[in-house]
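Q: missing the sequence, but the structure's below:
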């Protein structure tokens, strides 16, 4: 695939980097090993304290396609936005600094784009790389037909490791919300879904590395934040005009109950009670009501360091 002009690459690859000194060189090499070589990589070191930034600098010195940027820690959304200001390609792709691409990831994107010139947002799926080096092949979700707002509302099935989309979509939907330290990708893709359908390429693009410090681990707080992101999209982001109110209520009720359960397991009973009280506002269930009562009874034993419910 060739660029649209002689000064821009076919793909801009965006990589936020934070304290992944053990993984970042391998992640960058998986980009360098692409069979399609017409790319640029913009890596933003987000205030790492473990030398990750120096590793990126050394690799950038030896490959002019790599741009290394440093900033004070501001979160992955801010790092991606910073990288986007330097991106030159019409097509944007992403890889986190602890993940790996398969060698044909960009070539697969390019082949699909060539055969579907009207496409704006395409995606594949990923496999998993465990800490012991073993690999688990996962079935791709929604790989048979295009998807959109309705499917994404029910489940976050898109991954930075597996998406590729036209830069123009950010002009329509806006950039990453830098107030979000997690769920920033879900928030952005929901907004993009109002402007484009998601087209599957039917192929895996890489390996998602599983380790003890993954930001995407589920907690009561992360579930609450996910619920708040969805609620904002439905109430103020245009999603309510696309979605069945019954579907909205069912999804939010499930998330608030899931958040309550996670808080309960962590002995954050005060936060558990708050989440459980929200669930019946969307869909009353015996389980959520019972959990709220239990949490209230155990309130005096609640951990003091539980994170408060985020408000967007």
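A: Yep, that arrived. Since we're looking at a predicted model, the values are computed, not measured. Numbers count the residues shown, from 1 in each chain.

Q: how is the protein partitioned into domains?
A: The chain breaks down by automatic domain parsing into domains covering 11-209, 220-301.

Q: okay if I get the ones you listed as a markdown table plus mean neighbour count?
A: Quick note: C-beta positions are derived from backbone N, CA and C, even for glycine. A markdown table is the format used below for the domains of the chain (neighbours: other C-beta atoms under 10 Å):
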| stretch | mean neighbour count |
| --- | --- |
| domain 11-209 | 19 |
| domain 220-301 | 19 |
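
Q: the chain: strands as residue ranges?
A: 11-17, 39-46, 66-71, 91-94, 100-101, 121-129, 135-136, 163-166, 198-209 (DSSP state E).

Q: any idea which of those strands scores lowest on pLDDT?
A: Sorting the strands of the chain by mean pLDDT places strand 135-136 lowest, at a mean of 92.

Q: what helices or strands is the lengthiest helix in the chain leaning on?
A: Criterion DSSP state H: the longest helix present in the chain is helix 245-265. The helices and strands touching helix 245-265, judged by 3 or more C-beta pairs under 8 Å, 6 or more residues apart in numbering; DSSP states H and E, are helix 149-154, helix 220-236, helix 269-278, helix 286-297.

Q: angle of that helix against helix 286-297?
A: 40 degrees (axes from the mean of the first three to the mean of the last three C-alpha atoms, to 10 degrees).

Q: shaky segments in the stretch 1-150 of the chain?
A: The stretch 1-150 of the chain contains residues with pLDDT under 70 at 1-6.

Q: apply 90 and report the result again.
A: The model of the stretch 1-150 of the chain has pLDDT under 90 over residues 1-7, 131-133.

Q: that one: helices as residue ranges?
A: With helices called from DSSP state H, counting those that start in this stretch, the stretch 1-150 of the chain shows them at 24-32, 52-62, 76-84, 105-115, 149-154.

Q: a markdown table please, covering the helices and strands packed on helix 245-265 and showing distance to residue 127.
A: Output for the helices and strands packed on helix 245-265, formatted as a markdown table (distance: least, C-beta to C-beta, whole Å):
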| stretch | distance to residue 127 |
| --- | --- |
| helix 149-154 | 21 |
| helix 220-236 | 23 |
| helix 269-278 | 33 |
| helix 286-297 | 34 |
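
Q: re earlier: just want the angle from the longest helix of the chain to helix 220-236.
A: Using the same axes, to 10 degrees: helix 245-265 against helix 220-236 is 160 degrees.

Q: could the domains of the chain go into a markdown table alongside distance to residue 311?
A: Shown next, in a markdown table, are the domains of the chain (distance: least, C-beta to C-beta, whole Å):
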| stretch | distance to residue 311 |
| --- | --- |
| domain 11-209 | 10 |
| domain 220-301 | 7 |
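
Q: and those domains: which comes nearest residue 312?
A: Nearest of the domains of the chain to residue 312, taken as C-beta to C-beta: domain 220-301 at 4.8 Å.

Q: now residue 234: how far from residue 277?
A: 19 Å (C-beta to C-beta, to the nearest Å).

Q: how near is the residue nearest the centre of the chain to residue 96?
A: The chain has residue 185 as the residue nearest its centroid, 3.6 Å off, counting by C-alpha atoms, centre = their mean. Distance from residue 185 to residue 96, counting by C-beta to C-beta: 10 Å.
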